[in-house]
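> give me a model of this one.
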Amino acid sequence: MIGAYDGLAIRSATKVTADVLAAATNLKVVGRAGIGVDNVDIPEASKKGVIVMNTPFGNSITTAEHAIAMMFALASADPRSQPPDQAGKWPKNVHGVEVTGKTLGLIGAGNIGSIVAARAGLAEEGRRFRPFPTPGRAVELGVEKADLDTLLAQADFITLHTP
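Here you go, the predicted model:
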């Protein structure tokens with residue numbers, strides 16, 4: 001059925017293999033809704049003159065906000081995130097922690113990690129740090145540079161944003 005189409009919009013689960021491309025006699029473009037294109041046979045698409053593109057920033061804010069939301073859910077010990085709730089029980093002894101003033105460790109401050117850094121300004125006394133930024137990038141993001149061992153030892157929360 002792919003032979004009738006000029007364009008194909010995909011997500012990560014769709015594999016555009018050499019066999020798919022062979023059947024795609026009219027295909028001109030493959031658009032990936034997301035960051036990577038590792039699910040597309042790029043050399044084969046190139047041979048056929050099919051343009052392959054992605055939308056690397058399409059869901060970045062949503063992903064960053066979800067990471068922050070999960071941090072808050074874990075900090076509050078939201079019973080809905082606890083295994084006993086899965087069994088239909090609502091424990092009364094669940095205690096959370098405040099996020100204010102805590103240290104957030106960022107592993108990866110590219111597109112999504114930098115959004116987390118910018119939006120997770122939970123309190124001025126809280127520290128946010130990540131390994132490996134250039135000194136200028138660390139200042140720009142408002143983070144403190146730290147090696148991975150320091151980050152793991154000192155962070156109250158850690159977010160991971162790497163390929």
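
> distance from the chain centre to the helix or strand harbouring L152, please.
Using DSSP states H and E, L152 sits in helix 148-154. Its chain's C-alpha centre and that of helix 148-154 lie 21 Å apart, by CA atoms, centre = their mean, to the nearest Å.

> so for it, mean pLDDT?
For helix 148-154, the mean per-residue pLDDT is 87.

> what does stretch 111-125 give?
Rounded mean pLDDT across stretch 111-125 is 73.

> helix or strand right after the helix holding L152?
strand 157-160.

> tell me what the longest helix along the chain is packed against?
Assignment by DSSP state H gives helix 60-75 as the longest helix of the chain. Packing partners of helix 60-75 (3 or more CB pairs under 8 Å, 6 or more residues apart in numbering; DSSP states H and E): helix 111-119, strand 157-160. C-beta: built from backbone N, CA, C; applies to glycine.

> shouldn't V37 be in contact with V52?
Yes. Using CB atoms under 8 Å, V37 is in contact with V52, at 5.5 Å.
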